[in-house]
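S.K.: model the following, please.
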Amino acid sequence: MTEQSEQAEQQAPGTIRIVLADDHAVVRSGLRLLLENESDFEVVAEAGDIESTQRYVRGHRPAVLVLDLNMPGGSSLEAIPNIREHSPDTQIVVLTMQQEPAFARHALSAGAIGYVLKEAADDELVEAVRRAARSESYLNPRLGARLASEPAPGPPDDLSEREVDVLRLIALGHTNAEIAERLFLSVRTVETHRAHIQQKLNLSSRAELVAYALKRGLIKGS
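M.R.: Residues are numbered from 1 along each chain as shown. Take a look at the predicted model:
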């Protein structure tokens, strides 16, 4: 970032600077209008993939990153800790279509401070960003209620929660590429999780993994 841009950002005390990351330009345009309708909000950069998101956050050091979970170039969930490490003062609000509590749990545990559903963005995103700028958390109320009423069971046999997710999808017949797409991971990460699962359970074939998943109640038989 140039000295001129640094000075420009320093000339707006009280302004909440935001990097907006979503792979759809039309969505970004609408979100930008929504956010910049607030007099103290400024969208300093828009990103369409993981690489540019990380680059813009490092360059601008915004108060808040609004991050879509489904982004090209890698896993948004995996990128969150890296972004927080390189810009610890930037708070992350996840904006997504994913309504499953597990995704919210994983995003928050990875380091996000807010979780907003796209269908509720008009009503919730501004509040979530304001809270994030004050280092306060925000969780979509409906998801929060589901998380409170459906606490995640402890993973079996020393498997991590993510390994349980991968195992469940393996047992349901999904390929590594399909699992990567569903869980917003890289294929290599899925392969690593699969290897760890097989090592921990001392199982080698998919049939054995399916039998284990059925026995543990991770999937239901027909």
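S.K.: domain assignment for the chain?
M.R.: For the chain, automatic domain parsing gives the domain ranges 3-149, 156-214.
S.K.: what would the ones you listed look like in a markdown table with mean pLDDT and mean neighbour count?
M.R.: From N, CA and C alone the C-beta is placed, and that goes for glycine too. Shown next, in a markdown table, are those (pLDDT from 0 to 100; neighbours: other CB atoms under 10 Å):
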| stretch | mean pLDDT | mean neighbour count |
| --- | --- | --- |
| domain 3-149 | 89 | 18 |
| domain 156-214 | 88 | 17 |
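S.K.: list the residues that contact P81.
M.R.: A110, G111 (CB atoms under 8 Å, 6 or more residues apart in numbering).
S.K.: where's it, which helix or strand?
M.R.: Per DSSP states H and E: P81 is located in helix 76-86.
S.K.: okay, now the sheet partners of the helix or strand following that helix, with direction.
M.R.: Per DSSP H and E, the first helix or strand lying C-terminal to helix 76-86 is strand 91-96. Partners of strand 91-96 in the sheet, by DSSP bridges, are strand 64-68 (parallel), strand 114-117 (parallel).
S.K.: got the CA coordinates for the lengthiest helix in the chain in PDB?
M.R.: If you go by DSSP state H, the chain has its longest helix at helix 187-201. What follows is helix 187-201 as a C-alpha-only set of coordinates in PDB (Å, rounded to 0.1, in the frame of the first residue of the first chain):
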ATOM      1  CA  VAL A 187      -8.600 -32.000  -2.300                       C
ATOM      2  CA  ARG A 188      -5.200 -32.500  -0.700                       C
ATOM      3  CA  THR A 189      -6.600 -31.600   2.700                       C
ATOM      4  CA  VAL A 190      -9.400 -34.200   2.300                       C
ATOM      5  CA  GLU A 191      -6.800 -36.800   1.300                       C
ATOM      6  CA  THR A 192      -4.800 -35.900   4.400                       C
ATOM      7  CA  HIS A 193      -7.900 -36.200   6.600                       C
ATOM      8  CA  ARG A 194      -8.800 -39.500   5.000                       C
ATOM      9  CA  ALA A 195      -5.300 -40.900   5.700                       C
ATOM     10  CA  HIS A 196      -5.500 -39.800   9.300                       C
ATOM     11  CA  ILE A 197      -8.900 -41.400   9.700                       C
ATOM     12  CA  GLN A 198      -7.600 -44.700   8.400                       C
ATOM     13  CA  GLN A 199      -4.600 -44.600  10.600                       C
ATOM     14  CA  LYS A 200      -6.600 -43.800  13.800                       C
ATOM     15  CA  LEU A 201      -9.200 -46.400  13.100                       C
END
